[in-house]
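# Pasting the sequence and the predicted coordinates here, then a few questions.
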Amino acid sequence: MHPKSFWMRVYEPIIRRAAGFGVAPKEADSDTYDKMHAHCDVLVAGAGPAGLMAALEAAKAGARVIIADEQAEFGGSLLGAAREIDGGGAGY
């Protein structure tokens, strides 16, 4: 919309009033909410060995990563795995 200088002083107030939004607040919101929105480049579903490796590689490449898992603890099958690899200890 032209002229560009009219945007904040004319167009936006008219659009906000027409939409019923009123004036945008200038101070931070002090309320707390039970939901949160987050944005990422890569969403990894599952925090087992493959999901953790995929998330690590994506993060190394510079992507913003979110890992989503149904369990409260990451690790998946690693959590119940035997603590032995090829007859030796697994470093626990």
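The structure has been received and is ready for your questions.
# quick one: residue 23 from residue 69, how far?
Counting by Cβ to Cβ, to the nearest Å, the separation of residue 23 from residue 69 is 42 Å. Any C-beta I mention is one placed from the backbone N, CA and C, and that applies to glycine too.
# Same drill for the two, tell me which one is more crowded.
residue 69 (16 against 8; other Cβ atoms under 10 Å).
# how about the residue lying closest to the more buried one once chain neighbours are set aside, what does it touch?
Leaving aside its sequence neighbours, residue 69 sits nearest to residue 47 (Cβ to Cβ, 6 or more residues apart in numbering; 3.7 Å). Listed by Cβ atoms under 8 Å, 6 or more residues apart in numbering, the contact partners of residue 47 are 55, 67-69, 71, 74-76.
# quick one: residue 47 is in a helix?
No: per DSSP: H, G, I helix; E, B strand; the rest coil, residue 47 lies outside any helix segment and is coil.
# Model confidence score at it, please.
On the pLDDT scale, residue 47 is placed at 94.
# cool, the one 10 residues further on as well?
Model confidence at residue 57, given as pLDDT, is 97.
# which SSE is it in?
In the assignment (DSSP states H and E), residue 57 maps to helix 49-60.
# What helices and strands are in contact with that helix?
Applying 3 or more Cβ pairs under 8 Å, 6 or more residues apart in numbering; DSSP states H and E, one finds that helix 49-60 contacts strand 42-45, strand 65-68.
# Kindly format the C-alpha coordinates of it as CSV.
Extracted in CSV, the C-alpha atoms of helix 49-60 (Å, rounded to 0.1, in the frame of the first residue of the first chain):
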residue,chain,number,x,y,z
PRO,A,49,18.7,-44.1,18.4
ALA,A,50,17.8,-43.2,14.8
GLY,A,51,15.8,-40.1,15.8
LEU,A,52,18.6,-38.9,18.0
MET,A,53,21.2,-39.4,15.3
ALA,A,54,18.9,-37.6,12.7
ALA,A,55,18.4,-34.7,15.1
LEU,A,56,22.2,-34.5,15.8
GLU,A,57,23.1,-34.4,12.1
ALA,A,58,20.4,-31.8,11.3
ALA,A,59,21.6,-29.6,14.2
LYS,A,60,25.2,-29.9,13.0
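# Fine by me, we can end here.
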